[in-house]
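**Q** A predicted structure for the sequence below; I have some questions about it.
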Amino acid sequence: MTEIAHHEDTHAVGHGAPPPRHGLAHLTGPGYVRAAWVTPLFWAIGFGIVVFFRWLGGYEPTLDWSIITVVASLVMAPIGFLTGIGAFDYWLYYMSGRPSRPDDHSSHGATSWRSYFRVNTDHKVIGVQYLVTVFFFFVLGGLAAMLFRAELAQPDLQFVDAQAYNGLISMHAALMIFVFIIPAFAGLANFAVPLMLGAPDMAFPRLNALSFWLLPVAGLMFVASFLAPGGAFATGWTSYAPLASDQPLGQVFFNMGVQWAGASSIMTALNFLVTIITMRAPGMTFWRMPLLVWANFTTSLLVVIATPFIAGSQFFVMFDRIMHTNFFTVAEGGYVLAYQHIFWFYSHPAVYIMMLPGFGIVSEVIAVFSRKPVFGYRLMALSLMAILVLGFSVWAHHMFVAGMAPWLRVPMMVTSMIIAVPTGVKVFSWLATMWEGKIRFRTPMLFALGFLSMFVLGGLSGIFLAAVPIDIHASDTYFVVAHIHYVLFGGSVFTIFAGIYYWFPKMTGRMYDERLGKLHFWLTFIGFNGTFFPMHWVGLQGMPRRVADYAEQFGDWNLVVSAFSFLLGASTIVFFYNVIISWHRGPIAESNPWRALTLEWQVSSPPPIFNFDEIPQVVGGPYEYGVPGARHAVLNGDRAGVATSEPETVA
Amino acid sequence: MRRGSLVRLVVYGVLSGVVASIIAVLVPWLPTSASEEMDRIEFVFWFTTVICIAIWAIVSAVIVYAVLKFRAAPDDDTDGPPIHGHTGIEIVWTAVPAVLVTAISIVSAIVLAKNDDAGDNPLRIAVTAQQFAWRFEYPASAEGADDAVTAGELVLPVNQSVKLTLHSLDVIHSFWVPEFGQKSDAVPGIETTLVITPTRLGSYSLACTELCGLGHSTMRAAVEVVSQEDYDAFLAAEREGGGGGDDGEAVFASAGCGACHAFGPAGSDAEVGPGLDDLAGAAEGAGVSLEEFVRQSIVDPNARVAEGYQPDVMPDTYENTLSDEQLDGLVQYLVDGQGNGG
């Protein structure tokens, strides 16, 4: 295995460090100083546009704060911030005919912690930026959950009122889904996918940077809705019309926040697609790609096809409010169920957007820590494609009791049942990968096994919900809450933790503390099951979801659930302590501590600024553990000894 | 695979299946059924549970076996055998689950068709949902008679197939009595239906299961399953009382005022909206007579919003949904109740 040492000595000069600035350049150069004045400037332009046209048209009142909020605060100010921070600089230079600095890598790579707070085009820096940002929102979303679990520990209202309660549950879900799970996978893939492909970076590094910077905008927009008159958006993350069209102003913070997060998702997905299709190293055929790459390929297709639908659904709700359109106003001919059809046409595929990248991570981890090839590699890739296609045919299983056309229920049940088959194939293949392996129970593997067992439970409760008669009873109850948490926490979040621990040495160049990692796993595993398992029967026995107050009979179990939820919350403290301490002064990591074959482990930890000194030559599959003499790729002039018969796929 | 390891694997599977079965039997998963439809739902539930326990037993047995048996020794740096796959076994684990879920689908589809079937001559009751109350309209005593009864309580005769038609006046609500199993949203602009055949006498609770705003968790209603004679007696008594009544106390209950407002004489203590025990003071503050203040607050709730509360929360449809007599009765009830609340 060849290490590329001292790489930074040859490249760091002139890269990473911005040119020194003097005088006015501090105000006009990209950065927080410029953002500090450009953001209010853009806000003022938005304000001016609204007031001018309302004055021109003679609309009363001229100062309509709900419209000003949408235009100035939720559209113009974020654009101003992105402009100020420098996300558009290159394109603006290009458009205005100024020199576009093609060879200036001043915003590429990290030289100190400060580099992570600037617009940076290095996919490795962006990956870390993503992860740190999403864990910030993970903490906020988790605190919201702690607050409403405190409220739910006993029947009746103790700590918050009904509107605040509805705000907390909506905020929890919006933060966790849109600015934690989905972008956490984008962050991990941002770091790992170009390395795994043998590429120097993503296909569109500047677009990549812009995608990232949209994310804090979306997350802060959600959180800022607490400051709106009437409080935060309070209609759940599903935000059903017509309730959502007639709520306090905080609702538009959700409608618009989803747009920013969605734009970020779509741009990243396009970037992944182009990167995966065009930037594979020579010899990296589709059937030699690691399953993480396959997973992000299918996820990106899902994102690109589905995300515009949720964007549309949220625009319609907002237009009903501020433009007096009537998409969902029954008295004016609106059709209420259209919202749910459009919303779920995105939001069911979104479940797979939140699941498939985790499947990819688990495939990497289980193969590496079992020291065996992934069992049935091709079927694993094909089952991802099957889920992609079937994922678009099951959305109405969220609407079995919604009053939609009755005939639609049985076909949607059948497709929902069938999609369990490719998912089952993956589970069985992971089990077979472990079979007769040489398993090492390091922290990533523990989380992968935790995922495997918990996700199976989530999948089985999914079969209950797919069966229409059971769903009619269980829909909108705590059984559904239990199911989605077994899928999204036991599934997605466990795989996110597996991925963080797995790539931590590669990202930071340091090892995490194994004992703390295992402690984190067991606390999370116990806290998770204690929190969510009782919800199954609490729901089936009759407790609806999204209620601030509930019948006395559910008091005891809710107390148990709340107690375990606090344990679950506390378990993350161990994680953050471990990550921060290890990042600061953990033992230096080897380039390949797991003895993995995929390409990201064949370069130094952390990798050099452009990943590879020389584009690697891929000569075999990514999981050839136990095959004598097998290699996935050769690097750095080592290719003389290996036949290179494959045509080059990259120019 | 040696015979010894196969035996161990089977033992783990059986143990895991027994543990799961014990959990399945001991935990009261479902409420005691009170309708024919819930009986059928229970059948699908247990049918699915048996299949799921079998799948869980297999998966967990393999995980436990692998964790115990295939743990690498600390000094063992070797790799496992390079097994890349096995077409036969991959076909099996694709086909068998497909057969199982198809079986569940078929059973579900049959039960769904039965649970949708109200028979030839169901009792028809119209359910109207609005923030945050339920109203039930019972059929007239004879074709063409205008003695239909409206009440805030759902009373059903036992062993009689009932077809509910659901409407909503504002946002989406959802009708669910856990013991009946059946559930449907009440959607503005759409008529949805629900079939229930109660089989057990008793009192139950209807809960709204679709987030409908501030008072969502208080949007409940009482449900009674009674004998046919008691049902007829209930209807007769309601008709005697003037078809749902313009008696203010009855209107307060049937319109669901108590779901959001605390009012001493009615015994309600909800905190979604402002309390109604000191309206005289509020009217004085607004500079209008008490009666005028109360009436306007009901028909046009956004005209004056009490401090600390949001506009647009209380429905502004009561002028249309209550008759003039009912409105008069409600206003009188609230005016009379001032000063003697608790």
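**A** Thanks, I have it.
**Q** For the stretch 101-250 of chain A, which residues are neighbours of chain B?
**A** For the stretch 101-250 of chain A, the residues in contact with chain B under the definition Cβ under 8 Å from any Cβ of the partner chain are A:157, A:161-163, A:166, A:230, A:235-236, A:240, A:242-243, A:246-248. In short, each C-beta sits where N, CA and C put it, glycine included.
**Q** hmm, which of these are the buried ones?
**A** Burial by neighbour count, 16 or more other Cβ atoms under 10 Å in any protein chain shown: within those this picks out A:157, A:161-163, A:166, A:230, A:235-236, A:240, A:242-243, A:246-248.
**Q** Show me where the stretch 101-250 of chain B has its helices.
**A** Applying DSSP state H, counting those that start in this stretch to the stretch 101-250 of chain B gives helices spanning B:228-240, B:248-254.
**Q** Save those as JSON lines, and put in mean pLDDT too.
**A** Conversion of the helices of the stretch 101-250 of chain B to JSON lines gives the following (pLDDT from 0 to 100):
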{"stretch": "helix B:228-240", "mean pLDDT": "90"}
{"stretch": "helix B:248-254", "mean pLDDT": "79"}
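**Q** So which of the ones you listed is nearest B:G189?
**A** Smallest distance to B:G189 across these (Cβ to Cβ): 23.5 Å, for helix B:248-254.
**Q** just the CA coordinates of stretch B:258-270, formatted as CSV?
**A** This file holds the C-alpha atoms of stretch B:258-270, laid out as CSV (Å, rounded to 0.1, in the frame of the first residue of the first chain):
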residue,chain,number,x,y,z
GLY,B,258,-65.8,22.9,26.2
ALA,B,259,-63.0,21.4,24.1
CYS,B,260,-61.2,24.8,24.1
HIS,B,261,-62.8,27.0,26.7
ALA,B,262,-62.9,26.7,30.5
PHE,B,263,-66.5,27.5,31.7
GLY,B,264,-67.5,26.7,35.3
PRO,B,265,-71.2,25.9,34.8
ALA,B,266,-70.3,23.4,32.1
GLY,B,267,-67.5,21.9,34.1
SER,B,268,-64.9,22.4,31.3
ASP,B,269,-61.3,23.4,32.1
ALA,B,270,-59.7,23.4,28.7
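**Q** In that stretch, which residues are buried?
**A** B:G258, B:A259, B:C260, B:H261, B:A262, B:F263, B:G264, B:P265, B:A266, B:S268, B:A270.
**Q** Closest one of the residues you listed to B:V7?
**A** When these are compared for distance to B:V7 (Cβ to Cβ), B:A259 wins out at 61.1 Å.
**Q** returning to what we had before: want to throw the buried ones among the residues of the stretch 101-250 of chain A next to chain B into CSV with pLDDT and secondary structure?
**A** CSV is the format used below for those (pLDDT from 0 to 100; DSSP: H, G, I helix; E, B strand; the rest coil):
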residue, pLDDT, secondary structure
A:L157, 86, coil
A:D161, 86, coil
A:A162, 87, helix
A:Q163, 87, helix
A:N166, 94, helix
A:G230, 85, coil
A:T235, 94, coil
A:G236, 94, coil
A:Y240, 95, coil
A:P242, 91, coil
A:L243, 93, helix
A:D246, 84, helix
A:Q247, 88, coil
A:P248, 89, coil
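**Q** In a markdown table, list those residues along with distance to B:I110.
**A** Formatted as a markdown table, the entries for these read as follows, by distance: Cβ to Cβ, whole Å:
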| residue | distance to B:I110 |
| --- | --- |
| A:L157 | 44 |
| A:D161 | 46 |
| A:A162 | 41 |
| A:Q163 | 44 |
| A:N166 | 39 |
| A:G230 | 48 |
| A:T235 | 36 |
| A:G236 | 33 |
| A:Y240 | 31 |
| A:P242 | 35 |
| A:L243 | 35 |
| A:D246 | 41 |
| A:Q247 | 41 |
| A:P248 | 46 |
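**Q** which pair in the residues you listed spans the largest distance?
**A** Using Cβ to Cβ for every pair in those, the one that comes out farthest apart is A:L157 and A:P242, at 26.0 Å.
**Q** Isn't A:M289 up against A:L197?
**A** Yes: in terms of Cβ atoms under 8 Å, A:M289 counts as a neighbour of A:L197; the distance is 7.5 Å.
**Q** Now the common contact residues for these two.
**A** Residues touching both A:M289 and A:L197 (Cβ atoms under 8 Å, 6 or more residues apart in numbering or on different chains): A:I276, A:R280.
**Q** Would you map the strands across the stretch 101-250 of chain B?
**A** Using DSSP state E, counting those that start in this stretch, the strands assigned to the stretch 101-250 of chain B run over residues B:123-130, B:133-138, B:149-151, B:154-157, B:162-168, B:173-176, B:183-186, B:192-196, B:202-208, B:220-226.
**Q** Quick one, which of the ones you listed gets closest to chain A.
**A** In terms of Cβ to the nearest Cβ, the element of those nearest to chain A is strand B:192-196, at 4.0 Å.
**Q** Just checking: what are the partner strands of the closest one?
**A** Listed by DSSP bridges, the sheet partners of strand B:192-196 and their directions read strand B:162-168 (antiparallel).
**Q** got a list of contacts for the strand it pairs with?
**A** Outside of strand B:162-168, the residues within contact range by Cβ under 8 Å, 6+ apart are A:403, B:118, B:122-130, B:156, B:175, B:184-188, B:191-198.
**Q** does chain B sit close to whichever strand or helix holds A:A367?
**A** With elements delineated by DSSP states H and E, A:A367 resides in helix A:356-370, which encompasses its position. Yes: part of helix A:356-370 sits close enough to chain B to count as contact by Cβ under 8 Å from any Cβ, namely A:S370.
**Q** okay, how far is it across stretch B:293-309, tip to tip?
**A** Looking at stretch B:293-309, the gap from its leading to its trailing residue is 17 Å under the measure Cα to Cα, to the nearest Å.
**Q** hmm, that stretch touching chain A?
**A** No: for stretch B:293-309 and chain A, the contact criterion (Cβ under 8 Å from any Cβ) is not met; the two come no nearer than 9.5 Å.
**Q** Which positions in that stretch come out as buried?
**A** Burial within stretch B:293-309, assessed by neighbour count using 16+ other Cβ under 10 Å, is assigned to B:F293, B:V294, B:R295, B:Q296, B:S297, B:I298, B:P301, B:V305.
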